[in-house]
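Student: test case, fold it:
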Amino acid sequence: MIFELQGFANMNNPEKGHLIEMYVKTKLTELGYDIFTPLFPGSIVDLILKKGPRLYKVQIKSLSKNDDSSYVIHTK
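Tutor: Predicted structure coming up:
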């Protein structure tokens, strides 16, 4: 899994955020979502997802690891 990379715990928050966002984009693409991102930092959303006729605004807040080694992405 991507978060098992050595040194992840030593990364600063922006680096962790970018890595988590890339992981989320990869997984959502595998699930068939079209993904759109803002052109400039500071937007109120991190991603806009499209699947079929539906659009979803997503702001990624944090990530946590469960006891079974799965990960939970907390969004708003």
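Student: doesn't residue 33 make contact with residue 51?
Tutor: Yes: in this structure, residue 51 is within contact of residue 33 by CB atoms under 8 Å, at 5.0 Å. (Glycine included, C-beta is placed from N, CA and C.)
Student: of those two, which one has the most company?
Tutor: Between residue 51 and residue 33, counting by other CB atoms under 10 Å, residue 33 is the more crowded of the two (19 against 12).
Student: which residue is the nearest non-sequential neighbour of the more buried one?
Tutor: Spatial nearest neighbour of residue 33, excluding adjacent residues (CB to CB, 6 or more residues apart in numbering): residue 49 at 4.6 Å.
Student: and that neighbour, helix, strand or coil?
Tutor: Put simply, residue 49 is strand when judged by DSSP: H, G, I helix; E, B strand; the rest coil.
Student: enumerate the beta-bridge partners assigned to it.
Tutor: With DSSP bridges as the criterion, residue 49 is bridged to residue 35, residue 56.
Student: show me where pLDDT drops low in this structure?
Tutor: Residue ranges of the chain with pLDDT under 70: 1-8, 69-71.
Student: touching stretch 30-40 from outside, list them.
Tutor: 25, 28-29, 45-51 (CB atoms under 8 Å, 6 or more residues apart in numbering).
Student: got JSON lines for those, with distance to residue 60 too?
Tutor: What follows is the contacts of stretch 30-40, written out as JSON lines (distance: CB to CB, whole Å):
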{"residue": "25", "distance to residue 60": "10"}
{"residue": "28", "distance to residue 60": "11"}
{"residue": "29", "distance to residue 60": "15"}
{"residue": "45", "distance to residue 60": "9"}
{"residue": "46", "distance to residue 60": "5"}
{"residue": "47", "distance to residue 60": "7"}
{"residue": "48", "distance to residue 60": "13"}
{"residue": "49", "distance to residue 60": "12"}
{"residue": "50", "distance to residue 60": "17"}
{"residue": "51", "distance to residue 60": "17"}
